[in-house]
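K.L.:
Make a model of this:
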Amino acid sequence: MTIVGLDDTDSRERGMCTTYAAHEVAERLEAAGDGVERVLLVRLNPAAPHKTRGNAALAVHTDADPETAFDAASAVVSDAAEVDDPNTQPGVVVAPDDGAGASEFARRAVRDLLALGDAIALADDLGYRHEGWRGGRGRIGALAAVGASTAFSDWTYERISYRQPDRWGTPREFSHQSVFAAADAGYPAVWDTVDRGEGEAVCVPHTPGPVLHGIRGDDPDAVRTVADAIESEPAHAARTFVTNQGTDAHLRDAPLSDVSDGGAYRVAGTVASGPETRRGGHVFLTLEADGDALACAAFEPTKRFRERVRALRPGDGVLACGEVSDGTLKLEKLRVDALVSVERVTPTCPECGNRMESAGRDQGYRCRDCDTSAPGKTERPLRRDLSPGWYEVPPCARRHVAKPLVRGGFDAPTHPEG
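P.N.:
This next block holds a predicted model:
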């Protein structure tokens, strides 16, 4: 086996897509008579500072000899990569084996921020040929993609259809109604195709690149069927990728004391303060556990998920999931474990029914009209709009690597966003 890893051929401003570059590599190899077993689409750490939106690296698994594979990849990257963008630094790594030597590197690349020097040193130690353009930072992701097949066990699929090259950068032509109809027919095996609450076709990007639409799910035949059912401009090409999307591969369990910027975590705690809605519609709260505290936020793009967060009360026990940046956990999903069932309120007078007033510090409460008193606040049942279980951001706000609740396998009741 030969594995060709490549990364960082696209640009936030100029477009392109590394999945398309990998597709082109696979097509060149197939046209030369070499077999392509599969193409992996590997989502890396979503907190990486130099990433484009999805932070994807690709790996082409082929029976071509390493030199042939390297030449094909180098030719595609040299021709297609948006190297006029100074932030685009493509990289290619070719392994003449199953990539197991880079397995741990791949796991770290999904959860940590890695250095180019470490990637080059490991590739050299393993005897992997590599090349970089404009600094070649993409060799980090390319090496991670090489090691991904032996690093992860949970895989999903994405069917990506590409636009005709002369249409790149123009508005996409597709039937909104057909997207929703296809999404309904394929759900739940196919997910994150649309956001029904927002009325958005999530599978259709807004970038100037080559992607027409991308259909994600748990079954390769199902994603192909949904893609074929969408009425749109003619597709130039299409390919089904094996991917770690929708797997939560980026999350690690940690106590509050161990979280740091640049990582993504599952952290348990008690709501200590908030929720507080701030300017822009962002909702913040603070979690506490074992004397440590962590700010958490549901930002405005998470839309209706913010209502779930606003429904929390101090004292509720939760498990929060998300990336930490600037000391704040950006909520992706939330497990509600324990809900406060009573609240302490100022007592009412048993004679007249009016609310009592404070009688002074540490002196309880009294009714001035009836001269009745109470030693302190009383408890009353608290009606809650939440139930225990998992809640998630809607599809329009979901990170590519985050696992949708509809996939199952969670340890509490789920409340999926369709």
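
K.L.:
Point me to the residue sitting closest to the centre of this structure.
P.N.:
Arg399 (2.2 Å; Cα atoms, centre = their mean).

K.L.:
quick one: pLDDT of the closest residue to it other than its chain neighbours?
P.N.:
The shortest distance from Arg399 to any non-neighbouring residue, by Cβ to Cβ, 6 or more residues apart in numbering, is to Pro46 (5.1 Å). In short, each C-beta sits where N, CA and C put it, glycine included. Looking at Pro46, its pLDDT stands at 89.

K.L.:
tell me the contacts of Pro46?
P.N.:
With contacts defined as Cβ atoms under 8 Å, 6 or more residues apart in numbering, Pro46 is in contact with Asn55, His250, Ala264, Glu323, Arg399, His400, Val401.

K.L.:
same question, Cys396
P.N.:
Residues near Cys396 by Cβ under 8 Å, 6+ apart: Asp195, Glu198, Glu200, Val202, Pro301, Lys303.

K.L.:
from those residues, which ones fall inside strands?
P.N.:
Among these, no member falls in strands (DSSP state E).

K.L.:
Surely the residue nearest to the centre of the chain and Glu332 touch.
P.N.:
Yes: using Cβ atoms under 8 Å, Arg399 is in contact with Glu332, at 6.3 Å.

K.L.:
Find the residues that touch each one of the two.
P.N.:
With Cβ under 8 Å, 6+ apart as the test, Arg399 and Glu332 both reach Glu323.

K.L.:
Report the lowest-confidence entry in the contacts of Pro46.
P.N.:
Asn55 (86).

K.L.:
burial measure for that residue, as a count.
P.N.:
Number of residues near Asn55 (other Cβ atoms under 10 Å) recorded here: 24.

K.L.:
just Asp261 next, same as before
P.N.:
12.

K.L.:
Verify the contact between it and Asp326 for me.
P.N.:
Yes: shown here, Asp261 and Asp326 form a contact pair, counting by Cβ under 8 Å, at 6.6 Å.

K.L.:
ok so, going back, let's verify the residue nearest to Arg399: helix, strand, or coil?
P.N.:
coil (DSSP: H, G, I helix; E, B strand; the rest coil).

K.L.:
just Val179 next, same as before
P.N.:
helix.

K.L.:
Check the gap between it and Ala64 for me.
P.N.:
Distance, Val179 to Ala64, using Cβ to Cβ, to the nearest Å: 37 Å.

K.L.:
Arg380 now?
P.N.:
72 Å.

K.L.:
Those two - which one has more neighbours?
P.N.:
Taking other Cβ under 10 Å, Arg380 and Ala64 do not tie; Ala64 has more neighbours (24 against 12).

K.L.:
Excluding chain neighbours, give the residue nearest to that one in space.
P.N.:
Asp34 (3.7 Å).

K.L.:
Hmm, that neighbour is touching Thr62, no?
P.N.:
Yes: between Asp34 and Thr62 there is a contact at 5.6 Å, judged by Cβ under 8 Å.

K.L.:
For the stretch 51-200 of the chain, give me the ranges with low pLDDT.
P.N.:
Within the stretch 51-200 of the chain, the stretches with pLDDT under 70 are 51-53, 81-86.

K.L.:
what about the helices in it?
P.N.:
Per DSSP state H, counting those that start in this stretch, the stretch 51-200 of the chain carries helices over the ranges 66-80, 103-111, 116-126, 139-151, 176-186.

K.L.:
any idea how far Gly214 is from Thr156?
P.N.:
Counting by Cβ to Cβ, the gap from Gly214 to Thr156 is 12 Å.

K.L.:
got it, and Val110?
P.N.:
Val110 is 14 Å from Thr156, by Cβ to Cβ.

K.L.:
in the stretch 301-418 of the chain, which spans are strands?
P.N.:
Applying DSSP state E, counting those that start in this stretch to the stretch 301-418 of the chain gives strands spanning 317-325, 328-338, 342-345, 357-358, 365-366, 373-374, 378-381, 389-392, 414-415.

K.L.:
Now render those as CSV, adding distance to Leu6.
P.N.:
Output for those, formatted as CSV (distance: least, Cβ to Cβ, whole Å):
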stretch, distance to Leu6
strand 317-325, 25
strand 328-338, 28
strand 342-345, 57
strand 357-358, 69
strand 365-366, 71
strand 373-374, 72
strand 378-381, 59
strand 389-392, 31
strand 414-415, 36
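
K.L.:
okay, now Pro165: neighbour count?
P.N.:
10.

K.L.:
if I look at it, how far off is Thr9?
P.N.:
Distance from Pro165 to Thr9, by Cβ to Cβ: 15 Å.

K.L.:
Repeat that for Asp166.
P.N.:
If you go by Cβ to Cβ, the gap between Asp166 and Thr9 works out to 20 Å.

K.L.:
Next: Gly274.
P.N.:
For Gly274, the distance to Thr9 equals 42 Å [Cβ to Cβ].

K.L.:
Comparing the two, which shows the higher neighbour count?
P.N.:
Thr9 (28 against 19).

K.L.:
On the three-state scheme, the more buried one is what?
P.N.:
Following three-state DSSP, Thr9 is assigned to coil.

K.L.:
Now whichever strand or helix holds Leu6: average pLDDT?
P.N.:
For Leu6, the element it lies in under DSSP states H and E is strand 2-7. Averaging pLDDT along strand 2-7 gives 96.

K.L.:
Show me what that strand is packed against.
P.N.:
Strand 2-7 sits against helix 18-31, strand 56-62, helix 66-80, strand 91-95, helix 139-151, with contacts defined as 3 or more Cβ pairs under 8 Å, 6 or more residues apart in numbering; DSSP states H and E.
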